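> Take a look and give me a structure for this.
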Amino acid sequence: MSDHDDHRRKDRHRSPFMIRLPEIFRDKLQQHSARSNKSMTALVKAALKQFLRRADLWTRDDDAALAEQEGRTPK
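Residues are numbered from 1 along each chain as shown. This next block holds a predicted model:
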């Protein structure tokens, strides 16, 4: 197993990231998930990336790092 594969494996098996939010957020995410045929996780990740970009805290290097962690080719 390469270092890259080992890193991906560790990242995918981390404990879930728990966050407390009002139920309305979960309800709206479920509605949007069903409508868009995307997972709630994908929607949250996209929203966080957009928020971080607007705050000048997310770069193309971060996109590449995320793609590597997820085992896919950067866009």
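
> Could you use CA atoms for every contact and neighbour count after this?
Will do.

> Spatially central residue in the chain, please.
Lys45 (3.3 Å; C-alpha atoms, centre = their mean).

> name the element that residue belongs to?
For Lys45, the host element (DSSP states H and E) is helix 40-54.

> cool, and Ser33?
Taking DSSP H and E as the definition, one finds Ser33 inside helix 23-36.

> Tell me, how many residues neighbour Ala42?
By other C-alpha atoms under 10 Å, 11 other residues sit near Ala42.

> sorry, that was for Ala65
Other residues within reach of Ala65, judged by other C-alpha under 10 Å, total 13.

> which SS state does it fall under?
Using DSSP: H, G, I helix; E, B strand; the rest coil, the structure places Ala65 in helix.

> Against Ala55, how distant is it?
Between Ala65 and Ala55 the computed distance is 18 Å (C-alpha to C-alpha, to the nearest Å).

> Ala42 too?
From Ala42 over to Ala55 (counting by C-alpha to C-alpha), the distance is 20 Å.

> got it, and Asp62?
Counting by C-alpha to C-alpha, the gap from Asp62 to Ala55 is 14 Å.

> what's the answer for Ser33, then?
With distances taken as C-alpha to C-alpha, Ser33 is found 25 Å from Ala55.

> For these two, work out which one has more neighbours and name it.
Shown here are Ser33 and Ala55; by other C-alpha under 10 Å, Ser33 has more neighbours (16 against 9).

> Settle this for me: that one is touching Thr41, isn't it.
No. Using C-alpha atoms under 8 Å as the test, Ser33 is too far from Thr41 to be in contact (9.1 Å).

> All good on my end, thank you.
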